[in-house]
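the following block contains a protein sequence and its predicted model.
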Amino acid sequence: MDVILLQDVPKLGQKDDMVHVKNGYGWNYLIPKGYAIAATPSAKKMHAENLKQRAHKEEKIKAEAQMLAEKMAGLKVVVGAKTSSSGKIFGSVNTIQLAEALKEKGFEIDRKSITLPDDQIKEIGTYKAVVKLHREVKVEIDFEIKAE
């Protein structure tokens, strides 16, 4: 079955994408939760009209995200963490701490749009994170973990 996504669904698609899913997943999960609507002919027409009207606004938002990505390109952020004498961090560094460090630098970034490396950060060092500013604009930033 084809559905039109009403919001971003991880590992499936972005808002306004038309995707093909299994019938049970569409009818029993996506549609009741409000994540999608069935892609009927009338819904497809309405969806096409909405996309046409939003295209200009989307282009402006993408340009702003691109400008922000250029400003963030060479950015290096320092995050403080409590550590043991051997350099191990008590707990781990997460996206909330990285978002707060970016806020101190003047970049208001939602923590949900920051992706850290797959393994948990439990030692002092330099790491890379990916910040998703727009569905097509991503920027990679360096961040360093220092002992407090």
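Alright, I've got the coordinates. Residues are numbered from 1 along each chain as shown.

most remote residue from the chain's center?
Distance to the chain centre peaks in the chain at residue 85, reaching 34.7 Å (criterion: Cα atoms, centre = their mean).

now residue 84: phi and psi?
phi -90, psi 180 (degrees, to the nearest 10).

helix or strand: which one has the nearest residue to it once chain neighbours are set aside?
Excluding its sequence neighbours, the residue lying closest to residue 84 (Cβ to Cβ, 6 or more residues apart in numbering) is residue 90, at 6.9 Å. C-beta coordinates here come from the backbone N, C-alpha and C atoms, glycine included. If you go by DSSP states H and E, residue 90 is part of strand 88-93.

the residue nearest to residue 84 and residue 97, how far apart?
Distance of residue 90 to residue 97, computed by Cβ to Cβ, to the nearest Å: 13 Å.

the more surrounded of the two?
Higher neighbour count among residue 90 and residue 97: residue 97, with 19 against 9, using other Cβ atoms under 10 Å.

from residue 117, how far off is the residue farthest from the centre of the chain?
To residue 117, residue 85 is 25 Å away according to Cβ to Cβ.

circling back: okay, and the common contacts of residue 90 and residue 97?
residue 81 (Cβ atoms under 8 Å, 6 or more residues apart in numbering).

now do the SS call for residue 65.
Put simply, residue 65 is helix when judged by DSSP: H, G, I helix; E, B strand; the rest coil.

tell me the contacts of the residue positioned nearest the centre of the chain?
With distances taken as Cα atoms, centre = their mean, residue 113 lies nearest the centre of the chain, 2.9 Å away. Taking Cβ under 8 Å, 6+ apart, we find residue 113 in contact with 131, 132, 133.
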